[in-house]
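Participant: mind looking at a prediction? Sequence and model below.
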Amino acid sequence: MSASSPTRLSAEKEGEQPSKSSSTFSTDLSVLPDSNDAYLRQEYWEERYKKESNETHFDWCLRPDILLPLMRELIPSKDSRILMLGCGNSLLSEVMYDEGWTQIVNVDYSSALIEQMKEKHSVLRPSMTWHQMDIRELSFEDGSFDVALDKATMDTMMQEKGDPWSPSEKVQADCNAEVSEVLRVLRPLPTSKFLYYTWGQPHFRKRYLTREGWDLRTREIGPPGSFGYYQYVLSPKQEDQLMP
């Protein structure tokens, strides 16, 4: 991570990209850890979400209103089955659902969070589902989704202390496991996509996202005056791309 990029903790303390909503924005310092490596522990997320009400939300990286135009461009079919990886209490899933993408499957590490979200959305958004799951070991069958979306979830697995230019074997194994699982559950169709949003620059992320048979596109995005954010799109290579 470069000196100009935020750490996960510093971004949260500064109130990164608060969403415009009547819900409560999570800036209560009592839920924040003492250091970034706490974000690696499932116990931290369980305790955090137990303290927060189901009306509290936090959106890492980019607000839903900034991402929606990109979603319309990248996911033109409202019939797409979408996997939201590490959904947390972001507003993105509900905003996308209300926009017409009703086949959204949300997964998160925290069982406390998943129960909150089920309670919050079961009546207003009945076809959106919630599952406690480890993104490194998804329990879905092969070829189950049209789109998978990660908004700073992979970043959580990179919060250990150390040199970002030389990540530990565990960081590499965890990030590679997520990407491998995502590609496994995506349908083998030209329209399938893995969308990843992060503040991580390409020289830190391409090592995990460069995969045989998949085309990787990178784009710098983000509102003016904010941190620089990146959109990574992985999609199956077309037959003409695979020819030597």
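Facilitator: Everything's here; your move.
Participant: backbone phi and psi for the residue lying closest to Arg219 once chain neighbours are set aside, please?
Facilitator: The shortest distance from Arg219 to any non-neighbouring residue, by CB to CB, 6 or more residues apart in numbering, is to Gln231 (4.6 Å). Using the backbone N, CA and C atoms, a C-beta is placed for each residue, glycine as well. Dihedral angles of Gln231 (phi, psi; degrees, to the nearest 10) stand at phi -110, psi 120.
Participant: burial measure for Gln231, as a count.
Facilitator: The number of residues packed near Gln231 is 19, by other CB atoms under 10 Å.
Participant: ok, it touching Leu195?
Facilitator: Yes. Judged on CB atoms under 8 Å, Gln231 makes contact with Leu195 at a distance of 7.1 Å.
Participant: check whether Ser127 really touches Val105, as I assumed.
Facilitator: No. Ser127 is beyond contact range of Val105, at 10.0 Å (criterion: CB under 8 Å).
Participant: neighbour count winner among the two?
Facilitator: Using other CB under 10 Å, the more surrounded residue of Ser127 and Val105 is Val105, with 22 against 10.
Participant: report the beta-bridge partners for Leu216.
Facilitator: Beta-bridge pairing for Leu216 (DSSP bridges): Leu234.
Participant: for the protein, what helix or strand is lowest in average pLDDT?
Facilitator: strand 24-25 (a mean of 42; mean pLDDT, DSSP states H and E).
Participant: distance of Thr153 relative to Met96?
Facilitator: 16 Å (CB to CB, to the nearest Å).
Participant: dump stretch 80-97 to CSV, restricted to CA.
Facilitator: What follows is stretch 80-97, C-alpha atoms only, in CSV (Å, rounded to 0.1, in the frame of the first residue of the first chain):
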residue,chain,number,x,y,z
SER,A,80,-28.3,-11.6,-13.0
ARG,A,81,-27.7,-13.7,-9.9
ILE,A,82,-25.2,-11.7,-7.8
LEU,A,83,-22.9,-12.9,-5.0
MET,A,84,-22.0,-10.1,-2.5
LEU,A,85,-18.8,-11.1,-0.8
GLY,A,86,-18.3,-9.9,2.8
CYS,A,87,-21.5,-7.8,2.6
GLY,A,88,-21.2,-6.3,6.1
ASN,A,89,-23.8,-3.7,6.9
SER,A,90,-23.2,-1.8,3.6
LEU,A,91,-26.2,-0.2,1.9
LEU,A,92,-25.0,-1.5,-1.5
SER,A,93,-27.1,-4.7,-1.5
GLU,A,94,-30.4,-3.0,-0.6
VAL,A,95,-29.8,-0.1,-3.0
MET,A,96,-29.1,-2.5,-5.8
TYR,A,97,-32.1,-4.6,-4.9
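Participant: same question for the top helix by length along the chain, mean pLDDT?
Facilitator: Counting by DSSP state H, the longest helix found in the chain is helix 169-185. Across helix 169-185, the average pLDDT comes to 96.
Participant: which of the residues in it are buried?
Facilitator: Residues of helix 169-185 classed as buried by neighbour count (16 or more other CB atoms under 10 Å): Val171, Asp174, Cys175, Ala177, Glu178, Val179, Glu181, Val182, Leu183, Val185.
Participant: which elements pack onto it?
Facilitator: For helix 169-185, the contact count by 3 or more CB pairs under 8 Å, 6 or more residues apart in numbering; DSSP states H and E identifies strand 82-85, strand 147-151, helix 153-156, strand 193-198, helix 202-209 as packing neighbours.
Participant: what do you get if the cut-off is 7 Å, keeping everything else the same?
Facilitator: Judged by 3 or more CB pairs under 7 Å, 6 or more residues apart in numbering; DSSP states H and E, the packing partners of helix 169-185 are helix 202-209.
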